[in-house]
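>>> Got a sequence here, can you build the structure:
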Amino acid sequence: MSWSVGQVAGFAGVTVRTLHHYDAIGLLVPSERSHAGHRRYSDTDLDRLQQILFYRELGFPLEEVAALLDDPDADPRAHLRRQHELLTARIERLQMMAAAVEQAMEARTMGINLTPEEKFEVFGDFDPDQYQEEVQERWGDTDAYRQSRERTASYTKEDWQRIQNEADELTRRFVALMEAGEPADSEAAMDAAEDHRQGISRNHYDCGHEMHTCLGEMYVNDERFTRTIDQAKPGLAAYMRDAILANAVRHTA
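Residues are numbered from 1 along each chain as shown. Coordinates of the predicted model:
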């Protein structure tokens, strides 16, 4: 039995254009063609597509996915075991991290030293206390949360203003890179991502590369982050996520 490209796109939740692209680059070439030349996908093709989508969800670039799947020494069970391990590790990191709070959303729990007027001056119309209960519930038991609380307990309005200015400058830097056509995995974009990570470590909590990649994922998986970040430029959240991932790979390879 075989399926058309439209049927497979519906099964997998991807676009027909994506499947055409996978075919064009040799990542997923359908096993059959109809008499009219249309693509037809077999059960084996669907198994391979599932593996591709697993690895893509984990952030692997297409070239690396192809290398993994075409490895003659790997079997399907080995791929599944690897993916299960990676997904389990990601879940554990997400559960443990407080890295899910970027500058503005970090400050929502740390603005207790500021008057309402000062908070408005520093953060604009964003209310740092609005999400206090959610942050406490989600990350209150983590080391990063406690470390951030301790570091920022004595921050003044001037401290927060400095940190906000640093964040604004970094945002402008990322936007300029996007507008210049710099790929997210370019040296310049990865350098900006590294400065972002170091800023978190300097001002809030120790942020390793694994934790930083989790933060980057939340930029695109939590619509509140995406909406806030993309105000500077549409697509910025995804660009930052990709630069953060590339920078982590650069430092851990």
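
>>> any idea how far residue 199 is from residue 89?
25 Å (CB to CB, to the nearest Å). Yep, even glycine has a C-beta here, placed from its N, CA and C like the rest.

>>> out of the two, which sits in the busier spot?
residue 199 (17 against 12; other CB atoms under 10 Å).

>>> if you skip the residues just before and after it, what's nearest to the more buried one?
residue 166 (5.8 Å; CB to CB, 6 or more residues apart in numbering).

>>> neighbours around residue 65, how many?
Residue 65, neighbours per other CB under 10 Å, totals 20.

>>> wait, it sits on residue 54?
No - using CB atoms under 8 Å, residue 65 is not in contact with residue 54; the gap is 9.1 Å.

>>> element containing residue 89?
Per DSSP states H and E: residue 89 is located in helix 76-96.

>>> For the protein, just list every one of the strands.
Assigned by DSSP state E, the chain shows strands spanning 3-4, 32-33, 39-41.

>>> Quick one: the helices in the stretch 151-253 of the chain, in order.
Counting by DSSP state H, counting those that start in this stretch, the stretch 151-253 of the chain has these helices, from start to end: 157-179, 187-203, 209-221, 223-229, 236-252.

>>> Put together JSON lines for the strands of the chain, with distance to residue 25 on each row.
JSON lines is the format used below for the strands of the chain (distance: least, CB to CB, whole Å):
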{"stretch": "strand 3-4", "distance to residue 25": "20"}
{"stretch": "strand 32-33", "distance to residue 25": "18"}
{"stretch": "strand 39-41", "distance to residue 25": "14"}
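
>>> Any regions of the stretch 1-150 of the chain where pLDDT drops low?
Along the stretch 1-150 of the chain, the model assigns pLDDT under 70 to residues 74-76, 79-80, 83, 90-149.

>>> what do you get if the cut-off is 80, keeping everything else the same?
Where the stretch 1-150 of the chain drops to pLDDT under 80, the residues are 57-60, 71-150.

>>> which residues in it form helices?
Using DSSP H, counting those that start in this stretch, helices in the stretch 1-150 of the chain cover 5-12, 16-24, 43-57, 62-69, 76-96, 103-107, 116-123, 132-139, 143-152.

>>> okay, the angle between the first one and helix 43-57?
Here helix 5-12 points in a direction 50 degrees away from that of helix 43-57 (axes from the mean of the first three to the mean of the last three CA atoms, to 10 degrees).

>>> Out of the strands of the chain, which is the most enclosed?
Among these, strand 39-41 has the highest mean neighbour count (mean count of other CB atoms under 10 Å), at a mean of 22.
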